[in-house]
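Peer 1: sequence and predicted structure below; questions after.
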Amino acid sequence: MELERAPPTLYCDGGAAVMRQVIEVDGTYPDLRRGDHCVIPLNLARGAFRPFDLFIDFLSSLDLIHFHHHFIVLDDVFALKEGEQAFVAEFTNTPADFLTKATAVGYSGALFDKADYRRSPLSDYYDGIVYRMVPTHPLTESQRDQIVSRAQKYLAIAKDGNFVTYNAAIRNCETIATAITKRRSASMDLTDSTKTNTRSTTTSTTSTTSTTSTTSKQSGGGGGDVANAAGGSSPQVNFAAWNTFRFMLQCVGVVFLYYFALSDSVWWNTNFVGFIMLCAVPVLLQSIFLFVQKAHQLRLMWLRGTLGSGSYKHLLFKEMFRLLLVGFVSTGVIMSVPFLMLSRKLDWYQATVVALFVYAVINLVYSVLAQSTFAVCKHNGGCPGGRSRRLKGEEVVKSKSGSDDDGGSAPRVHVHHVEAEKETKKKKQ
């Protein structure tokens, strides 16, 4: 018996990557495999207060969390024996570890290097929402081994104290994860390995004092060269930077709106055009660009076989309606603001709030309504792109058949009623 769960969603709102919530069965994630790139909703206080963790997960289920923590799975969870546990490689830290580091190096030093690249148990993320990033190309067993090998290499460098220092903008958990999982040929991996060996030899010859070692750590060290060669990127940072830039343009635009409201202004036309160009046009262009980008990437993933037909159609129509109901409607509302001011229905302060925040508010409302609609559809008989989830009293049977969104490389989880199986065996006897 297979049970429906939430359909896939797009990552970070500003990109075209797809993520799928992982099935949790009896306190573990048997669907995860080595080399999987996974994310959880970003929560700096995770583990400190359980109700707050549940609240963040709830917001994520409504598609309201656009920032996530990234890690790489190092083991095939379904292949582990009883008593064994899976591990992940991640750039992370706990509040307690941060305070310990702050005591040793000071708060300024801990703030600019607040995380360490480490090997952590997957059980740290049990009883919470975990998403798998759907790969843009089907992953082979060899590619999975290469991903794990690169992660282990980074862990070895970090253990020696020569890994890159953490930086929220340019060297974070996302850049390292994308660097490790970036699709490339075996020859490129061999080149990286050769560079690392050469660099290690040079370092061991020239680094004869502890001062030199410290300088290497501050400048990025050997680990920095490995990460940079891999070409890690951070769509989350790009998403935050673009939205900040757009908001700043809109702030300048409402200044034009202020002078537009002055009835004795001789620059009436110029102020109107300035407001439209800086407040309405960026929202419209962003909405159109994101839809085109997402539609193109989703189609490529569908053609490559990493995205099922149901998931492809679900995501495509969801983003098309986002363009219509969020992009076009919010643009229309912003363009109507000057006329509402002329008719005395809005003053400048009210018009400023509408112009700056209408896009974000409509987008939020659309996300909540869309996810709520999918939840109702799932409850009443299924929804597009949905996949199985367990019920209590059921056991998991794992097979090698491919799932909807992994290019046929991950084990598919099926659930069968234990009592039904026992009855069948009795009848056969």
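Peer 2: That came in fine, so what should we check first? Residues are numbered from 1 along each chain as shown.
Peer 1: average model confidence for stretch 47-58?
Peer 2: Per-region confidence: stretch 47-58 scores 87 on mean pLDDT.
Peer 1: which SS class is R132?
Peer 2: strand (DSSP: H, G, I helix; E, B strand; the rest coil).
Peer 1: ok, how many other residues are close to it?
Peer 2: Residues lying near R132 (other CB atoms under 10 Å) number 25. No exception for glycine: its C-beta is placed from N, CA and C like everyone else's.
Peer 1: the one 3 residues further on now?
Peer 2: When neighbours are counted by other CB under 10 Å, P135 registers 25.
Peer 1: in this structure it contacts T306, no?
Peer 2: Yes - counting by CB atoms under 8 Å, P135 touches T306, with 5.7 Å between them.
Peer 1: from H66, how far off is H37?
Peer 2: Applying CB to CB, to the nearest Å, the value for H37 to H66 is 17 Å.
Peer 1: the more surrounded of those two?
Peer 2: Counted by other CB under 10 Å, H37 and H66 do not tie: H37 has more neighbours, with 22 against 17.
Peer 1: bridging residues for that one?
Peer 2: Here H37 sits in beta bridges with I72, as judged by DSSP bridges.
Peer 1: contacts only, for it.
Peer 2: Listed by CB atoms under 8 Å, 6 or more residues apart in numbering, the contact set of H37 reads H70, I72, R132, M133, P135, A177, T178, I180, T181.
Peer 1: what about 7 Å?
Peer 2: Listed by CB atoms under 7 Å, 6 or more residues apart in numbering, the contact partners of H37 are H70, I72, M133, A177, T181.
Peer 1: where does the stretch 101-250 of the chain dip in pLDDT?
Peer 2: Applying pLDDT under 70 to the stretch 101-250 of the chain flags residues 102, 105-114, 183-232.
Peer 1: would you list every one of the helices in it?
Peer 2: Taking DSSP state H, counting those that start in this stretch, the helices of the stretch 101-250 of the chain run over residues 107-112, 141-159, 173-181, 186-206, 210-219, 221-230, 235-261.
Peer 1: now the angle from the top helix by length along the chain to helix 235-261?
Peer 2: Secondary structure assigned by DSSP state H gives helix 348-379 as the longest helix of the chain. Angle between the axes of helix 348-379 and helix 235-261 is 140 degrees (criterion: axes from the mean of the first three to the mean of the last three CA atoms, to 10 degrees).
Peer 1: mind listing what's buried in helix 348-379?
Peer 2: Residues 348, 351-352, 354-356, 358-359, 362-363, 366-367, 370-371, 374, 378 are the ones in helix 348-379 that count as buried (16 or more other CB atoms under 10 Å).
Peer 1: for stretch 157-172, same thing?
Peer 2: Buried, per 16+ other CB under 10 Å, within stretch 157-172: I157, A158, N162, F163, V164, T165, Y166, R171, N172.
Peer 1: farthest-apart pair in the residues you listed, please.
Peer 2: Within those, N162 and N172 form the most distant pair, 18.4 Å apart (CB to CB).
Peer 1: still on that earlier bit, from the buried residues of stretch 157-172, which is closest to A79?
Peer 2: Using CB to CB, A158 comes nearest to A79 of the buried residues of stretch 157-172, at 25.9 Å.
Peer 1: any idea how far the closest one is from Q85?
Peer 2: 20 Å.
Peer 1: would you map the strands across the stretch 1-150 of the chain?
Peer 2: 9-10, 18-21, 37-41, 68-73, 87-92, 116-121, 131-133 (DSSP state E, counting those that start in this stretch).
Peer 1: make a markdown table from those and add distance to F52 to it.
Peer 2: Shown next, in a markdown table, are those (distance: least, CB to CB, whole Å):
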| stretch | distance to F52 |
| --- | --- |
| strand 9-10 | 22 |
| strand 18-21 | 20 |
| strand 37-41 | 11 |
| strand 68-73 | 15 |
| strand 87-92 | 18 |
| strand 116-121 | 20 |
| strand 131-133 | 19 |
